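Enquirer: fold the following for me, if possible:
(one chain, ligands or ions: 1)
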Amino acid sequence: MKFIIKLFPEITIKSKSVRQRMVKVLQGNIRNVLQKVDETVTVRNDWDKLVVSSKNDAPENRDRLVERLSCIPGIQAFLEVTQKPFTDLHSIYEQTAAVYGHTLVGKTFCVRVKRKGKHEFSSIEIERYVGGGLNQNFPSNGVKLSHPDLQVNLQIEDDQLYLVTDIHKGLGGYPLSTQEDVLSLISGGFDSGVASYQFIKRGSRVHYCFFNLGGAAHEIGVKQVSYYLWSKYGQSHRVKFVSVPFEPVVGEILEKIDNGLMGVVLKRMMMRAASRVAERLGIEALVTGESVGQVSSQTVTNLSVIDRVTDTLILRPLIVSDKQDIIDQARAIGTLEFAETMPEYCGVISNKPNVKAPYDDVLANEAKFNFDVLENVITSAKVIDIRDIANETAAQVQEVETTTQLADNEIILDIRSPDDHEDKPFEPEGMTVIHLPFYKLSTQYGDLDQSKTYLLYCERGVMSKLQALYLKEQGFNNIKVYRQN
Ligand SMILES: Nc1ncnc2c1ncn2[C@@H]1O[C@H](COP(=O)(O)OP(=O)(O)OP(=O)(O)O)[C@@H](O)[C@H]1O
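Expert: Next comes the predicted model:
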């Protein structure tokens with residue numbers, strides 16, 4: 001099985017040395033991600049393209065590789081190809097007919113050729129020869145040069161014929177780690193997830209900084225979405241997840257700060273803490289999901305007051321995005337459901353937030369704030385490798401049993417999203433499986449027959465452990481985690 005990787009166009013217009021460096025990084029990233037699902041994968045660097053080959057031709061392996069390739073930053077598109085040697089024009093025709101002939105029935109078509117190397121024939125001659133042959137020998141609806149039902153794509157390089165059997169859209173963007181690292185302030189809402197994704201796609205390693213305002217349940221929710229983003233789009237590189245216990249800071253704000261300024265002061269405290277964390281990790285910029293006018297702390301005046309608290313660069317990729325566009329993107333990248341189930345942990349809710357917080361008033365209020373509280377939470381911030389979310393959660397859920405067997409009175413609860421549930425049905429023989437997606441658990445788990453025990457199932461076992469922890473937090477004890485042998 002072979003895929004030809006087409007580079008993101010902005011890479012192709014770089015100078016030779018920059019381009020070479022980026023392609024090399026992309027090559028490493030693809031190898032790193034794909035070899036986790038298929039050890040036989042090799043990635044060859046061919047100047048204007050990368051060629052991915054696998055010895056495992058099983059259809060489920062092909063689906064896995066296509067899914068993984070579509071999530072790797074730096075790839076504009078990838079072509080699924082079969083590669084064959086040829087001897088002459090007729091041998092090109094015969095091989096094309098063997099792959100495409102049966103797909104032409106009842107369709108209009110045209111043949112397009114890209115050619116490299118020295119040949120006795122031109123690309124147009126191949127198109128005519130192959131197109132004519134297919135037209136004569138298969139019951140198609142004829143050749144149509146513009147907007148045909150089917151385009152037969154051939155690539156010819158020296159004595160090799162590449163038959164393109166499918167074209168897949170890539171993520172675009174720059175290869176991961178070709179841009180500097182950033183620290184994303186992640187709250188679990190729609191905006192910060194989308195902002196993080198945009199930086200991954202642009203080629204930055206995105207580390208996550210979370211200010212816990214709502215106890216274990218808040219942390220579990222944010223860990224889930226961070227882990228999801230990393231494992232789906234950024235798993236070629238290690239990143240950190242930092243959790244800062246921010247409830248004491250909120251307490252101090254509630255006690256000392258004027259009601260109308262609380263939102264802005266909370267954000268300034270977050271920026272102070274995040275800058276320190278970034279410095280500790282050697283990261284030069286913070287990322288937030290703020291957008292002008294979305295909430296009272298996000299007016300231009302208030303954003304300016306927030307900015308003045310730190311010299312660290314604060315990047316706001318969504319600054320002029322409409323909420324609906326952000327929600328649509330969250331849906332497309334798969335974070336919508338996480339955000340929808342995340343309760344609002346605002347920490348401080350002003351009755352009358354000041355949309356034009358006077359800078360001097362903010363400073364005067366902050367003079368009353370006990371900064372030891374902030375120092376303490378920064379010192380007790382917990383930094384973990386994001387891959388350890390899985391292990392750490394496993395340790396935390398040791399009181400939640402993990403099992404590979406089903407006893408009487410036990411039911412498997414498939415908590416994957418409806419798409420995964422449909423694409424990869426999980427129906428082990430002789431076992432009862434109910435589907436309740438993870439984002440409905442908090443509201444609908446209680447409606448299930450509570451005399452039964454439910455074994456949560458997801459593909460990797462991370463989400464099911466986090467959800468088991470969450471349900472335990474909610475006081476449910478009839479829960480286990482189900483893993484396949
Ligand atoms: N608890 C938190 N931990 C880390 N970052 C946070 C937290 N709360 C807010 N932020 C950061 O501040 C930004 C603005 O947050 P705010 O709550 O004002 O707006 P929001 O539109 O609800 O954001 P989101 O949808 O990302 O939750 C967020 O996008 C995020 O980057």
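Enquirer: how does this structure divide up, domain by domain?
Expert: Per the record, the chain has its domains at 2-169, 181-387, 397-482, by the TED database.
Enquirer: please name the bridge partners of residue 240.
Expert: Beta-bridge pairing of residue 240 under DSSP bridges involves residue 385.
Enquirer: quick check: it touching residue 207?
Expert: Yes. Residue 240 lies in contact with residue 207 (C-beta atoms under 8 Å); the separation is 4.5 Å. No exception for glycine: its C-beta is placed from N, CA and C like everyone else's.
Enquirer: where's residue 5, which helix or strand?
Expert: strand 2-7 (DSSP states H and E).
Enquirer: CA atoms of that strand as CSV?
Expert: Taking Å, rounded to 0.1, in the frame of the first residue of the first chain, the C-alpha atoms of strand 2-7 are listed here in CSV:
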residue,chain,number,x,y,z
LYS,A,2,1.3,3.4,-0.9
PHE,A,3,0.4,7.0,-0.3
ILE,A,4,2.0,10.1,-1.9
ILE,A,5,2.0,13.0,0.4
LYS,A,6,1.5,16.5,-1.1
LEU,A,7,3.0,19.3,0.9
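Enquirer: identify each buried residue in the helix or strand following it, please.
Expert: Counting by DSSP H and E, the next helix or strand C-terminal to strand 2-7 is helix 9-12. For helix 9-12, a neighbour-count test (16 or more other C-beta atoms under 10 Å) marks residue 11 as buried.
Enquirer: same deal with stretch 459-477?
Expert: Buried, per 16+ other C-beta under 10 Å, within stretch 459-477: 461-472, 476.
Enquirer: where does the prediction get shaky in the stretch 301-450 of the chain?
Expert: 343-351, 393-400 (pLDDT under 70).
Enquirer: where do the helices sit along the stretch 51-200 of the chain?
Expert: 59-69, 89-100, 123-137, 190-201 (DSSP state H, counting those that start in this stretch).
Enquirer: where does the stretch 51-200 of the chain get nearest to the ligand, which residue?
Expert: Going by C-beta to the nearest ligand atom, the ligand is nearest to residue 189 of the stretch 51-200 of the chain, at 2.2 Å.
Enquirer: count of neighbours near that residue?
Expert: Number of residues near residue 189 (other C-beta atoms under 10 Å) recorded here: 20.
Enquirer: which secondary structure elements does the strand holding residue 5 contact?
Expert: helix 16-35, strand 49-53, helix 59-69, strand 75-85, strand 160-172 (3 or more C-beta pairs under 8 Å, 6 or more residues apart in numbering; DSSP states H and E).
Enquirer: any idea how far residue 90 is from residue 111?
Expert: 14 Å (C-beta to C-beta, to the nearest Å).
Enquirer: who's more crowded, the two?
Expert: residue 111 (26 against 12).
Enquirer: run through the residues that contact the more buried one.
Expert: Residue 111 sits next to 96, 126-127, 130-131, 134, 151-152, 154 when contact means C-beta atoms under 8 Å, 6 or more residues apart in numbering.
Enquirer: so residue 250 makes contact with residue 213?
Expert: Yes. Shown here, residue 250 and residue 213 form a contact pair, counting by C-beta under 8 Å, at 6.0 Å.
Enquirer: which residue, other than its chain neighbours, is closest to the residue of the stretch 251-400 of the chain found nearest the ligand?
Expert: Nearest residue of the stretch 251-400 of the chain to the ligand (C-beta to the nearest ligand atom) works out as residue 289 at 2.6 Å. Nearest residue to residue 289, sequence neighbours excluded (C-beta to C-beta, 6 or more residues apart in numbering): residue 191, at 2.7 Å.
Enquirer: so what's the one you found up against?
Expert: 288-291, 294, 318, 326.
Enquirer: what's the lowest-pLDDT member of the residues you listed?
Expert: Ranked by pLDDT, those bottom out at residue 294 (82).
Enquirer: neighbours of it, just the number please.
Expert: Burial of residue 294 is recorded as 17 neighbouring residues (other C-beta under 10 Å).
Enquirer: wait, what's in contact with the nearest residue to it once chain neighbours are set aside?
Expert: Using C-beta to C-beta, 6+ apart and skipping the chain neighbours, the partner closest in space to residue 294 is residue 323 (6.7 Å). Shown in contact with residue 323 (C-beta under 8 Å, 6+ apart): 190, 291, 294.
Enquirer: tell me the one of the residues you listed nearest residue 357?
Expert: Nearest to residue 357, judged by C-beta to C-beta, of the contacts of residue 323 is residue 294 at 16.0 Å.
Enquirer: show me how far stretch 102-121 is from its chain's centre.
Expert: 36 Å (C-alpha atoms, centre = their mean, to the nearest Å).
Enquirer: report the buried residues of it.
Expert: With burial defined by 16+ other C-beta under 10 Å, the residues of stretch 102-121 counted as buried are 104, 108-113, 115, 119.
Enquirer: same list, the residues you listed, but as a markdown table with distance to residue 428 please.
Expert: Converted to a markdown table, the buried residues of stretch 102-121 look like this (distance: C-beta to C-beta, whole Å):
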| residue | distance to residue 428 |
| --- | --- |
| 104 | 41 |
| 108 | 45 |
| 109 | 43 |
| 110 | 47 |
| 111 | 46 |
| 112 | 46 |
| 113 | 48 |
| 115 | 50 |
| 119 | 54 |
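Enquirer: and the chain, which of its residues are near the ligand?
Expert: Listed as neighbours of the ligand in the chain under the rule C-beta under 6 Å from any ligand atom: 185-187, 189-192, 210-211, 213, 270, 288-290, 294-295, 297.
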